[in-house]
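>>> Return a 3D structure for these sequence lines:
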Amino acid sequence: MGATDGPTVIKLGLEDAIAGLALSTEAHWNQTKEDWRVFLHDGVVFGIRDGARLVATAALLPYSGDNAWISMVLVTGTHRRRGLATRLVDACLATARQNGLTSWLDATPDGATVYGPLGFTPTLQLRRLKLVSPPRETSGSPAVASLDALRARDLRATGFDRTALLTAFAQRSGSRIVAADGSIALVRDGRTARHIGPLFADNAVEALALVHAIAQSETRPLLIDAVASQATFLEGLTASGWTIERPFQRMRCGPDTTAGEDMPFAVAGPEFG
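From the prediction side, this is the model:
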């Protein structure tokens, strides 16, 4: 396909948050309007319209250290298999290259086969797990922790400064940052379930204890995107009633960048890294 062939790729604005939400809702994803506003305000979101209707999107969210995250690659059901997703990811990659950024994404198995030929190479793997019915116990909620403490652990683990993202999460209604015995996590609302992550701990025992304490103090279904190499943590989740919904493959396009010192136990989400 030539550069000028096919539908026009446009940049979206904050006024497109509701239209973007319609696409992610159609795909049964967990994003909220507030999530879309993060991409539209802090990143660049490319889209394709059919008339007035938004039918496809892809977002590029920059982080520090010459890194950027590609996500929200969505195409409505009536417009799939027309090359729209590839066209939009190409726009994200071109923008990243122009700005000297290494691009990252978390791909489904089907997506990984598409992104490989575009220059992405696999790094770590994730597993999305869901707890439909949190246990109804009354042992109390975990202690409230500070945004500064979460930011420090996030920077140490990822190598990215994500102050803007974590601040946006923490300031939302219903969000909380909790900690216990060397572990810390953020819990926030999603469209259909509450999301735990990022989550950092010194060991799997501490990470599991914090997740259990969070679950005891929640009433809605919960999602967590666990790092697959944290095998003891993953096994502990499934043993306590969490079910694996799907895998994700983290992939990188561009030169390697400064890595974090620690491995997280759970990430902020495949859309945020």
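
>>> Name the surrounding residues that touch the helix or strand of the chain with the lowest mean pLDDT.
Lowest by mean pLDDT, DSSP states H and E among the helices and strands of the chain is helix 109-115, with a mean of 87. Helix 109-115 has contacts (C-beta atoms under 8 Å, 6 or more residues apart in numbering) with 73, 85-86, 89, 105, 107, 120, 122, 247, 249, 251, 253. Just so you know, the C-beta spots here come from the backbone N, C-alpha and C atoms, and that holds for glycine as well.

>>> Out of those residues, which is nearest to residue 99?
Using C-beta to C-beta, residue 253 is the member of the contacts of helix 109-115 that lies nearest residue 99, at 13.4 Å.

>>> which ones are touching the closest one?
With C-beta under 8 Å, 6+ apart, residue 253 has these contacts: 93, 96, 102-104, 115, 118-121.

>>> swap in residue 66?
100-102, 257.

>>> And it, how close does it get to residue 212?
38 Å (C-beta to C-beta, to the nearest Å).

>>> Report the buried residues of stretch 211-220.
Buried residues in stretch 211-220, counted by 16 or more other C-beta atoms under 10 Å: 211-218.

>>> Show me which of those is closest to residue 53.
residue 218 (36.4 Å).

>>> ok so, going back, widest-spaced pair of the contacts of residue 253?
Pairwise over those, using C-beta to C-beta, the maximum falls at 96 and 121, 15.0 Å.

>>> more crowded one of those two?
residue 96 (23 against 11; other C-beta atoms under 10 Å).

>>> Quick one: residues contacting that one.
By C-beta under 8 Å, 6+ apart, residue 96 lies in contact with 60, 68, 70, 102-103, 253-254.

>>> from the chain's centre, how far out does the helix or strand harbouring it sit?
Per DSSP states H and E, residue 96 falls inside helix 84-98. Relative to its parent chain, helix 84-98 has a centroid offset of 19 Å by C-alpha atoms, centre = their mean, to the nearest Å.

>>> Same check on stretch 43-51?
Counting by C-alpha atoms, centre = their mean, stretch 43-51 comes out at 20 Å from the chain centroid.

>>> Same question for stretch 176-193.
14 Å.

>>> begin at 612 from here
Done: numbering now begins at 612, and the last item shifts to stretch 787-804.

>>> How far does it stretch from one end to the other?
15 Å (C-alpha to C-alpha, to the nearest Å).

>>> For the nearest residue to residue 780 once chain neighbours are set aside, give me the pLDDT.
Spatial nearest neighbour of residue 780, chain neighbours left out: residue 799 (5.2 Å); criterion: C-beta to C-beta, 6 or more residues apart in numbering. Residue 799 carries a pLDDT value of 98.

>>> try residue 615
53.

>>> Residue 639 now?
Each residue has a pLDDT score; the one for residue 639 is 96.

>>> Would you tell me what helix or strand it is located in?
Using DSSP H and E, residue 639 sits in no helix or strand.

>>> and it, how many neighbours does it have?
If you count neighbours by other C-beta under 10 Å, residue 639 ends up with 8.

>>> Ok, residue 661 next?
Neighbourhood size, residue 661 [other C-beta under 10 Å]: 13.

>>> and the nearest residue to it once chain neighbours are set aside, how far is that from residue 699?
Once flanking residues are discounted, residue 661 sits nearest to residue 690: 6.7 Å by C-beta to C-beta, 6+ apart. Applying C-beta to C-beta, the value for residue 690 to residue 699 is 12 Å.
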